[in-house]
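1. starting from these lines, generate the structure:
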Amino acid sequence: LVCSVLVTVAAVTLRPIQRAHQDLERNRHIVRVSGLMDPGDALSDWEIIAAFQALDARLVDLDQGVFDETFNADTFDARKAAGDPEFSVTIPADQDVAGLKRRSRLMTVYLVRDGDALHPHLDLPVQRRSERFAH
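-> Numbering: from 1, shown residues only. Below is the predicted model:
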């Protein structure tokens, strides 16, 4: 019983730390592909956070090709949306090379911000089938 309680407490306590680490690694990848750092650079966690803040997250309606402000781009979860028929579409089998079956209508993209100007460089996160169940 004591071991069970300790494991539960540890799991609950460590979950936010694990999530923060996952977010930092996701941000590191996004910063790397955004061109804000050179491929060989090893930036500290604080440098990654600062560089990530130079990006502007937006939602794009993939079917219409326009920005969508219905949801908050920073908290939108495309994986969950892909499972909801209201917010997703079926991927035709001949185009579904990753075996996802459905995709969200909306996807978060990251624009590189320079002061008040936005560079036309878009970063689109890629979802592999194995990532569908990561969170």
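
2. which one's the longest strand in this protein?
-> Looking only at the chain and at elements set by DSSP state E, the strand with the highest residue count is strand 106-114.

3. which residue ranges of this structure form strands?
-> Counting by DSSP E, the chain has strands at residues 55-61, 66-68, 88-90, 102-104, 106-114, 117-123.

4. buried deepest among these, which one?
-> Between the strands of the chain, strand 102-104 has the highest mean count of neighbours, a mean of 20, where neighbours are mean count of other C-beta atoms under 10 Å. Heads up, the C-betas are built off the backbone N, CA and C, glycines and all.

5. where do the helices sit along the protein?
-> Taking DSSP state H as the criterion, the chain contains helices spanning 2-34, 45-52, 78-82.

6. would you turn the ones you listed into TSV with distance to residue 96, mean neighbour count and mean pLDDT?
-> Rendered in TSV, the data for the helices of the chain read as follows (distance: least, C-beta to C-beta, whole Å; neighbours: other C-beta atoms under 10 Å; pLDDT from 0 to 100):
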stretch	distance to residue 96	mean neighbour count	mean pLDDT
helix 2-34	24	12	83
helix 45-52	31	15	87
helix 78-82	12	17	90
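
7. residue 61 is nearest to which of these?
-> Nearest to residue 61, of all these, is helix 78-82, at 11.7 Å by C-beta to C-beta.
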